[in-house]
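Novice: Sequence and computational prediction follow.
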Amino acid sequence: MATQTTERLYTDSMLNEIIRRTSLLDRAKRSNGTLEEIASENGVSRRTLSRILQRDREGKELIDLRHNNPGRKSGVTDEALGYALQYLEIFPKAGFTGVIAAMEEGEYGYKGSIPTNRQLRYTLQHLPLDMRAMMLDGTKNYLNEVAMIPRREEERVNAVWQIDATELPVHAIDELTGKLIKPWLLSAIDSFSRVVVLAKVCRYQPTRKDALLAIQEAILPKNNPMFFAYGVPTVMIPDNHSIFTSPDFKDSARLAGIRLEFPPKEAPLAKGKCERFFRTVQEQLCARLIGYADQSSGLHKARQAALPVSCIQPLVDKYLLKYHSKTHSAIKMAPWIRWQENAEFAEGLLFNGADIKKAFRLRIESTVGKDGICTPEGWHLISPDLIGLSGEKVILRVPLDGTSNGVEAYWNDHKVADLTVVEGNTDMADAINKGKIRRTEELRAFRKMMRSRIKKVPKFKTDARKVGKENVESETPEKSTRGNLKSEPVQSLPIEEE
């Protein structure tokens, strides 16, 4: 009885649709207007009216009977869906009708269930692009390429951080140039507590130094009680941007004891928590600011009124107070409360801040000269350990604060020296001055000692040389005779004739 009732209801719906389309077809034939006018008068689309007229000209039924089949199972199996995608890839003009016809005839060895035209059309139209590409690829390797991974939930604070950077949809005024720019937001979020440990606004696209400084600031304890989250994460999932894949970032993370897990490319799901935070900031903060770029005529309105770039960071900090104190939909509590309640089980809270500052440094390639290393910044670095490396290229790890104190030199991935700067080094200058003073005092003491010893040496008496008037007069004639000497002509040498 249940089956008969279903068939009767199903038949009634078919009849109602046939009557409606027949009436629409008659009105279209009697009207002299265009298809757009007829469709608008009868409340249907031009495409629907054109399809009804075409089926009438071809002598087909006004309703496709394949759209309804009560005896057929609902849904589309994975086998049918994969076959349909591959068939449309080979024959793009076949359409859904051709796909179902191929299934019914068993082309290419198909033996699975056959869906209805409506089921197949609806499923393919609402199929995600990554799932479509995965089924076309037909291999499990695609799962790793598009990061179709299960949602990752952590059990401890600071177990996993996700870090990424995005361009904010806000036009702001750069105070240095007076031009409109779109600032960037560099952010890191704790996967367990959803606490945003890092939210740094940059004027332009972040550099390697910006990323290292921001992460170092996020790890170290803050003096601000409103932003108390800190610690060294066990795992960090960064984006595949060049600032995160650079040797500077990898070396710093390795020396700080952080394991990097880079997600597959074009895979935002792998760092979905950070991406979701970016979307929340854009919807709840950026959309309410002057100069919002995604509004109608956003650039034109921003040219009339916009915020300075320096005002964006305080606004982001103020928004974080609201974000951290509001109940999060995923964890069912405020992020701050979850971080505080689980702080006793947190990872990476005990560390030496000096070691973290020493770990996060920039890499600079330089060449060793005869008198040491001269950098583009104008530093002259020396060390006795550089002897024998003249002309070799070394890697310098420079502190992020811009000072030259504690620069390390690496050659073939091995540390060879701790360098000392010559110019501007007050310690070295004091040492040199003290050495000069000490040496001057030693020389003075040595001269004083030598004078005292010379005075003690006995004097020897010798016959004095007598130079009198007689000797002078005896020498005078000789000098006069020498002056009166006449020069004789030189005899010419005989020349032999041939």
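Specialist: Structure's in. What do you need? Remember, predicted model here, so these are calculated numbers, not experimental data.
Novice: Under the pLDDT cut-off, which ranges of the stretch 351-498 of the chain? List them.
Specialist: Along the stretch 351-498 of the chain, the model assigns pLDDT under 70 to residues 376-378, 403-404, 421-433, 460-498.
Novice: Provide a complete list of residue ranges assigned to strands in it.
Specialist: Along the stretch 351-498 of the chain, the segments classed as strands by DSSP state E, counting those that start in this stretch run 361-369, 372-374, 380-382, 393-399, 408-411, 414-418, 420-421.
Novice: Which of those strands sits closest to Asn240?
Specialist: strand 361-369 (19.5 Å; Cβ to Cβ). (Glycine included, C-beta is placed from N, CA and C.)
Novice: Quick check: which helices or strands does that closest one pack against?
Specialist: Here strand 361-369 touches helix 208-219, helix 247-256, strand 372-374, strand 393-399, going by 3 or more Cβ pairs under 8 Å, 6 or more residues apart in numbering; DSSP states H and E.
Novice: sorry, back to before: which one of the strands of the stretch 351-498 of the chain lies nearest to Gly178?
Specialist: That would be strand 361-369 among the strands of the stretch 351-498 of the chain, by Cβ to Cβ, at 30.1 Å.
Novice: ok, now which ones touch the residue nearest to Val196 when sequence neighbours are not counted?
Specialist: Computed as Cβ to Cβ, 6 or more residues apart in numbering, the closest residue to Val196 that is not its neighbour in sequence is Ile189, at 5.2 Å. By Cβ atoms under 8 Å, 6 or more residues apart in numbering, the residues touching Ile189 are 161-163, 195-197, 273-274, 277.
Novice: can you rerun that using 10 Å?
Specialist: 160-164, 195-199, 271, 273-278, 335 (Cβ atoms under 10 Å, 6 or more residues apart in numbering).
Novice: how about the helices in the stretch 201-350 of the chain?
Specialist: 208-219, 242-245, 247-256, 272-284, 298-304, 312-325, 335-341 (DSSP state H, counting those that start in this stretch).
Novice: Relative to Ile364, which of these is closest?
Specialist: helix 247-256 (9.5 Å).
Novice: Give me the angle between that closest one and strand 361-369.
Specialist: Orientation check (axes from the mean of the first three to the mean of the last three Cα atoms, to 10 degrees): helix 247-256 against strand 361-369 gives 110 degrees.
Novice: For Pro115, which three-state class applies?
Specialist: Under DSSP: H, G, I helix; E, B strand; the rest coil, the three-state class of Pro115 is coil.
Novice: heads up, I number from 365, so please use that
Specialist: Got it, first residue is 365 now, which makes that one Pro479.
Novice: How many residues are close by it?
Specialist: Taking other Cβ atoms under 10 Å as the criterion, the count of residues near Pro479 is 26.
Novice: right, and Met697 touches Thr691 too?
Specialist: Yes: between Met697 and Thr691 a contact is recorded at 6.0 Å, counting by Cβ atoms under 10 Å.
Novice: Might you list the low-confidence residue ranges for the stretch 465-614 of the chain?
Specialist: Those would be 492-516, if you go by pLDDT under 70 across the stretch 465-614 of the chain.
Novice: That one: strands as residue ranges?
Specialist: 524-531, 536-537, 544-545, 548-554, 560-566, 599-602.
Novice: Deepest-packed of the ones you listed, please.
Specialist: Most buried of the strands of the stretch 465-614 of the chain by mean neighbour count (mean count of other Cβ atoms under 10 Å) is strand 548-554; its value is a mean of 24.
Novice: neighbouring strands for that one, and are they parallel or not?
Specialist: strand 524-531 (antiparallel), strand 560-566 (antiparallel) (DSSP bridges).
Novice: and Ala694, what is it in contact with?
Specialist: Contacts of Ala694 (Cβ under 10 Å, 6+ apart): 515, 517, 558, 637, 640.
Novice: measure the fourth one to Ser689 for me?
Specialist: In other words, Lys637. 18 Å (Cβ to Cβ, to the nearest Å).
Novice: who has more neighbours, those two?
Specialist: Lys637 (20 against 11).
Novice: Was I right to think Arg623 contacts Thr598?
Specialist: Yes: under the criterion of Cβ under 10 Å, Arg623 makes contact with Thr598 at 6.6 Å.
Novice: partner residues bridging His778?
Specialist: Counting by DSSP bridges, the residues bridging with His778 are Trp775.
Novice: For stretch 606-618, buried residues please.
Specialist: Using 16 or more other Cβ atoms under 10 Å as the test for burial, stretch 606-618 gives 607-608, 610, 612-617.
Novice: Between which two of those is the distance greatest?
Specialist: Pairwise over these, using Cβ to Cβ, the maximum falls at Ile607 and Asp615, 13.4 Å.
Novice: What ranges does the stretch 715-862 of the chain have for its helices?
Specialist: Counting by DSSP H, counting those that start in this stretch, the helices of the stretch 715-862 of the chain are 717-723, 790-820, 833-848.
Novice: by contact count, what packs against the longest one?
Specialist: Okay, so that is helix 790-820. Contacts defined by 3 or more Cβ pairs under 10 Å, 6 or more residues apart in numbering; DSSP states H and E place helix 790-820 against strand 784-785.
Novice: Same check on the shortest one?
Specialist: Here helix 717-723 touches helix 572-583, helix 611-620, strand 757-763, going by 3+ Cβ pairs under 10 Å, 6+ apart.
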